[in-house]
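> Give me a model of this one.
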Amino acid sequence: MTVLVGRMPGSDPGAGALVLGARLARALGGPLVVCTVTMPGERLVDESVPAVDGVEVETTAIEDRSVPGGLARAAHAHGASVVVLGDAPPGPGSVGARLARAADVPVALAGATTRDGPVTRVTCAFGGGRHAGRVLAAAVDLARRTGAPLRVASFGPRRGPTVPPEAGLRAEEIVVEQWREQMVAAQRAGLTELGVGDAETVAVAETTVEDAVAHLGWDDGEILVVGADAAGTATRVLLGDPGAAVLRTAPVPVVLTPGTTTL
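Numbering: from 1, shown residues only. Predicted coordinates:
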């Protein structure tokens, strides 16, 4: 189960990306490949990387006019199960956003807070959309391979468009509770379909989706699995509403799964 870490020529592969890549390589039991994408004809300088404890590390380079396109080709050539980048949450036009469209494997974003050590928990951001079952399957697969417990979480704002301010707090609470019940029921149905009976399920509603994400406790060694829908604008990651807010706010590394593969 090869893990591919992407980097730009002449740059550090990114401490966060290398650390997350090593964590995943150990958990998945495969080698780590650090791949540099160069423009056609560009001279490649020394691309050595530091040794990583307990992981076989290989360096490689590929020519392509597009960094996401080159990484997608490299992932296919090496049979990678996941591509790791040092990106913060991907915005329009970012390498992470474009790669999520170009690759048919999950894309892991290390961010700035990645720490070394085992994966302590896998959380699936469950939105209930048409790809929810496939994204949940990817999270279940990752949890099984890493031996980490699984949590399925849905996030929402407390006041939706169907609850006007004048309706009062009681009406708002009723709507929020109905939403919680519906989401947890959908989570459990999805888990049952996958043969999983021991996962934690939770639906959190706060003033904003960002507050809901912050309100849920997170472990240092946790990984969040989120679905990335490639429909729509070419460089935009569409996670539905409130998926984009979850992606922006997550305090742990994120795995964007295209909804068609597992790890």
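> so how far is residue 40 from the nearest residue to residue 30 once chain neighbours are set aside?
The shortest distance from residue 30 to any non-neighbouring residue, by CB to CB, 6 or more residues apart in numbering, is to residue 1 (3.7 Å). In short, each C-beta sits where N, CA and C put it, glycine included. The span separating residue 1 from residue 40 equals 31 Å under the rule CB to CB, to the nearest Å.
> Looking only at neighbour counts, state which of those two leads.
Neighbours of residue 1 and residue 40, each counted by other CB atoms under 10 Å, are more numerous for residue 1; the result is 15 against 7.
> I figured that one was touching residue 29, is that so?
Yes: taking contact to mean CB atoms under 8 Å, the distance of 6.0 Å between residue 1 and residue 29 places them in contact.
> which SSE is residue 219 in?
For residue 219, there is no enclosing helix or strand under DSSP states H and E.
> That one is in contact with residue 121, isn't it?
Yes: the pair residue 219 / residue 121 is scored as a contact, 5.2 Å apart, by CB under 8 Å.
> out of those two, which sits in the busier spot?
Between residue 219 and residue 121, counted using other CB under 10 Å, the more crowded position is residue 121 (19 against 14).
> Mind listing what's buried along the longest helix along the chain?
Selection of the longest helix in the chain by residue count, based on DSSP state H, yields helix 169-193. Of the residues in helix 169-193, 172, 175, 176, 179, 180, 183, 184, 186, 187, 190, 191 count as buried by neighbour count, 16 or more other CB atoms under 10 Å.
> Hmm, the third one is touching residue 158, no?
By that I understand residue 176. Yes: shown here, residue 176 and residue 158 form a contact pair, counting by CB under 8 Å, at 5.7 Å.
> got any residues that touch both of those two?
Common neighbours of residue 176 and residue 158, counting by CB atoms under 8 Å, 6 or more residues apart in numbering, are residue 205.
> Give me the helix or strand of the protein that scores worst on average pLDDT.
Of the helices and strands making up the chain, the lowest-confidence element is helix 95-102, at a mean of 72, by mean pLDDT, DSSP states H and E.
> Cheers, nothing more for now.
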